[in-house]
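Engineer: A predicted structure for the sequence below; I have some questions about it.
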Amino acid sequence: MCAAALTPYSAPDQDWLVAAHGALYAEAEGFDATFPALVDDILRAFERDHDPRCEAGWIARDGRRRLGSIFCVRSDDTTAKLRLFLLLPEARGMGLGQHMLDHALGFARDAGYRRMTLWTHESHRAACALYARNGFACRSATPVHSFGVDLVEQHWDRAL
């Protein structure tokens, strides 16, 4: 297990998180500049509007080095949404992704949610395998053209 700590997301993390999403997805999947722009919009809305009683974001850190992120936000009174789950390649394979997911699921349960949803792409095979191992089920898969590439968009959910 990686010795990384999860710390609350704060505004100084925004530039790193936008850049990390943009660079990783451009390299791995050919995503264009509309993807980091979306991440920036999501983070600005989170900073402006989130309710800390039922929404939170965390940054995984190994000392001062950022390794990833995960967010739990409100979809409705009973449903949480997992967002911005990112793990840098050098931090994969050490159990950190599972630790981050467990943390977000625990937060969602403690906040009173009964269900969690998420949106991803079929090409994110390792993430999809992690979700399936943790009780999520893929409820829909739709071919789309997003971020400059053809993708299969997926929506997953699970009971809490």
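Structural biologist: Thanks, I have the structure now.

Engineer: okay, now the unreliable bits of this protein?
Structural biologist: 1-3 (pLDDT under 70).

Engineer: can you show me the strands along it?
Structural biologist: 5-8, 56-62, 65-76, 79-87, 115-121, 137-146, 149-159 (DSSP state E).

Engineer: same for the third one, what does it pack against?
Structural biologist: Right, strand 65-76. helix 14-29, strand 56-62, strand 79-87, helix 96-110 (3 or more Cβ pairs under 8 Å, 6 or more residues apart in numbering; DSSP states H and E). Where C-beta positions appear, they are placed from N, C-alpha and C, glycine not excepted.

Engineer: mind doing that once more with 6 Å?
Structural biologist: strand 56-62, strand 79-87, helix 96-110 (3 or more Cβ pairs under 6 Å, 6 or more residues apart in numbering; DSSP states H and E).

Engineer: returning to that earlier point: any chance of the strands of the chain in CSV, with mean neighbour count and distance to residue 17 too?
Structural biologist: Shown next, in CSV, are these (neighbours: other Cβ atoms under 10 Å; distance: least, Cβ to Cβ, whole Å):
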stretch, mean neighbour count, distance to residue 17
strand 5-8, 14, 13
strand 56-62, 20, 8
strand 65-76, 20, 6
strand 79-87, 21, 7
strand 115-121, 18, 17
strand 137-146, 11, 19
strand 149-159, 16, 21
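
Engineer: isn't residue 35 right up against residue 147?
Structural biologist: Yes: if you go by Cβ atoms under 6 Å, residue 35 and residue 147 touch, sitting 4.4 Å apart.

Engineer: what's the burial count for the nearest residue to residue 11 once chain neighbours are set aside?
Structural biologist: Computed as Cβ to Cβ, 6 or more residues apart in numbering, the closest residue to residue 11 that is not its neighbour in sequence is residue 47, at 5.9 Å. By the measure other Cβ atoms under 10 Å, the count of residues near residue 47 is 13.

Engineer: how close does residue 47 get to residue 153?
Structural biologist: As judged by Cβ to Cβ, to the nearest Å, residue 47 and residue 153 stand 26 Å apart.

Engineer: then stretch 144-159 to CSV, C-alphas only?
Structural biologist: C-alpha atoms of stretch 144-159 as CSV (Å, rounded to 0.1, in the frame of the first residue of the first chain):
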residue,chain,number,x,y,z
VAL,A,144,-20.3,9.6,-28.2
HIS,A,145,-17.9,12.0,-29.7
SER,A,146,-16.4,14.0,-26.8
PHE,A,147,-13.1,15.8,-26.2
GLY,A,148,-12.2,15.4,-29.8
VAL,A,149,-12.4,11.5,-29.9
ASP,A,150,-14.9,8.7,-30.3
LEU,A,151,-15.7,7.2,-26.9
VAL,A,152,-18.2,4.9,-25.2
GLU,A,153,-19.6,6.9,-22.3
GLN,A,154,-20.7,4.7,-19.3
HIS,A,155,-22.9,5.4,-16.3
TRP,A,156,-22.4,3.2,-13.2
ASP,A,157,-24.1,3.0,-9.8
ARG,A,158,-24.3,1.0,-6.6
ALA,A,159,-26.2,1.0,-3.4
